[in-house]
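Asker: Give me the fold of what follows.
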Amino acid sequence: MSWNYRVLKHVDEDFTYYHIHEVYYNEDGSIMSCSQYPCSPFGETVEELKEDFELMAGAFDRPVMSYEEI
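Answerer: Presented below is the predicted three-dimensional model:
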């Protein structure tokens, strides 16, 4: 199993918004699941926080996915 951060599109009636979530993949690359709640950068040190932030920034280099379709 692998994972990465992805931008997910949420649609709530007529309101659309975006969050960053963790997305988990099967070994064949298909999507297994995603985090229920959006993520925020975390680290036990400033360097770890920076590394997590940089991983999250990578989500903007990948296509946006629909939360409801996962």
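
Asker: and stretch 24-42, how far from the chain's centre?
Answerer: Per CA atoms, centre = their mean, to the nearest Å, the displacement of stretch 24-42 from the mean C-alpha position of its chain is 6 Å.

Asker: Run through the bridge partners of His10.
Answerer: Here His10 sits in beta bridges with Tyr17, as judged by DSSP bridges.

Asker: Surely it touches Ile20?
Answerer: No - here His10 does not reach Ile20: they are 11.5 Å apart, not a contact under CB atoms under 8 Å. (Glycine included, C-beta is placed from N, CA and C.)

Asker: Neighbour count: those two, which is higher?
Answerer: Taking neighbours as other CB atoms under 10 Å, His10 and Ile20 compare with Ile20 leading, 20 against 14.

Asker: Run through the bridge partners of the residue sitting nearest the centre point of the chain.
Answerer: Centroid-nearest residue in the chain: His21, 2.6 Å away (criterion: CA atoms, centre = their mean). Here His21 sits in beta bridges with Arg6, going by DSSP bridges.

Asker: Next one: it, what pLDDT does it get?
Answerer: Listed pLDDT for His21 reads 98.

Asker: Phe60 should be in a helix, yeah?
Answerer: Yes - checked against DSSP: H, G, I helix; E, B strand; the rest coil, Phe60 lies within a helix.

Asker: Give me the pLDDT value at it.
Answerer: On pLDDT, Phe60 comes in at 98.

Asker: Next one: it from Asp14, what distance?
Answerer: Between Phe60 and Asp14 the computed distance is 25 Å (CB to CB, to the nearest Å).

Asker: So for these two, which residue has more residues nearby?
Answerer: Phe60 (11 against 5).

Asker: if I read this right, that one contacts Asn4, doesn't it?
Answerer: No - applying CB under 8 Å as the test, Phe60 and Asn4 come out as separate, 11.9 Å apart.

Asker: Great, nothing more from me.
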